[in-house]
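J.: Got a sequence here, can you build the structure:
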Amino acid sequence: MPRQGKRYRAAAELRDNTRYYEVQDALRIVKEAASAKFDETIDVAVRLNVDPRHADQIVRGTINLPHGTGKTVRVLAIAEGEKARAAEEAGADYVGTEYIEKIQQGWLEFDAVVATPDTMREVGKLGRILGPRGLMPTPKAGTVTMEIDRAVRELKAGRIEFRVDRTGNVHAPIGRVSFELDKLMENFRGFMDAVLRARPAAAKGGYVRSVTVSSTMGPGVKIEPSLFRKSA
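T.: Residues are numbered from 1 along each chain as shown. As a prediction, the model looks like this:
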């Protein structure tokens with residue numbers, strides 16, 4: 001643990017915590033500061049001027065990142081018959097309605113769930129398990145659909161879902177430290193565009209309060225929030 005502390009402090013010295021950076025500079029610092037022995041994930045944290053306690057100020061959406069997240073996504077497809085076969089051919093890791101019972105028994109070895117509408121009566125029973133983990137399929141997120149093969153392919157290619165938490169923050173991965181800088185920038189811009197488009201009509205004043213990027217083991221680097229207030 002002390003060794004990690006030294007690495008973190010060394011990485012923190014690469015950025016000035018009292019200033020805000022342009023997107024390219026912030027991502028470059030995050031890449032340079034990464035010191036773990038594995039390919040760290042780069043995350044974006046956006047603090048929004050919304051009150052998630054009100055239903056008309058919930059911010060959520062999906063985005064197909066141009067270059068994916070660099071993560072292998074394990075997809076569970078809950079479907080039957082022809083749709084199950086289509087999901088399997090599209091690359092789903094687990095397919096079938098029998099997984100509903102497995103989940104109820106504690107199995108959670110997947111990263112995303114898609115389902116056809118006809119299975120949702122049974123899938124709905126999993127709300128208390130999947131909901132808090134952000135895994136419950138919904139029509140709005142495109143994870144309850146008759147085009148289940150398309151949903152599987154998009155998830156495997158790097159589609160992410162985001163949702164504001166109870167403190168008004170939105171978090172999302174936008175790639176790995178090993179990604180080229182221009183690809184990270186394109187993923188970052190794609191994500192921020194999606195967040196801006198998801199602005200609720202009930203949100204008043206400045207929408208974006210702060211934006212920070214960081215790697216799994218590294219310090220946060222602040223991005224100039226006014227870059228997004230102009231677009232919000």
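J.: can you give me the helices in the protein?
T.: In order along the chain, the chain carries the following helices (DSSP state H): 2-12, 23-33, 81-89, 99-104, 120-123, 127-130, 148-157, 181-197, 226-229.
J.: hmm, who's touching the fifth one?
T.: Read it as helix 120-123. Identification of contacts with helix 120-123 by C-beta atoms under 8 Å, 6 or more residues apart in numbering yields 78, 97, 100, 113, 115, 137, 144. C-beta: built from backbone N, CA, C; applies to glycine.
J.: mean confidence for that helix?
T.: Per-region confidence: helix 120-123 scores 96 on mean pLDDT.
J.: Poorly predicted segments of the protein, please.
T.: In the predicted model of the chain, residues 1-16, 229-232 satisfy pLDDT under 70.
J.: most centrally placed residue in it?
T.: residue 172 (3.5 Å; C-alpha atoms, centre = their mean).
J.: Just give the closest residue to that one, not the sequence neighbours.
T.: Nearest residue to residue 172 in three dimensions, chain neighbours excluded: residue 162, at 5.0 Å (C-beta to C-beta, 6 or more residues apart in numbering).
J.: Confirm for me that that neighbour is in contact with residue 65.
T.: No: taking contacts as C-beta atoms under 8 Å, residue 162 lies outside contact range of residue 65: 11.1 Å.
J.: and for those two, which residues touch both?
T.: Common neighbours of residue 162 and residue 65 (criterion: C-beta under 8 Å, 6+ apart): residue 191.
J.: Residue 146: what's it in contact with?
T.: If you count contacts by C-beta under 8 Å, 6+ apart, then residue 146 has 83, 116, 117 around it.
J.: Make JSON lines from the contacts of helix 120-123 and add distance to residue 151 and neighbour count to it.
T.: Converted to JSON lines, the contacts of helix 120-123 look like this (distance: C-beta to C-beta, whole Å; neighbours: other C-beta atoms under 10 Å):
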{"residue": "78", "distance to residue 151": "11", "neighbour count": "28"}
{"residue": "97", "distance to residue 151": "16", "neighbour count": "16"}
{"residue": "100", "distance to residue 151": "18", "neighbour count": "17"}
{"residue": "113", "distance to residue 151": "10", "neighbour count": "23"}
{"residue": "115", "distance to residue 151": "9", "neighbour count": "27"}
{"residue": "137", "distance to residue 151": "9", "neighbour count": "26"}
{"residue": "144", "distance to residue 151": "9", "neighbour count": "21"}
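J.: Right, I'll call it a day here.
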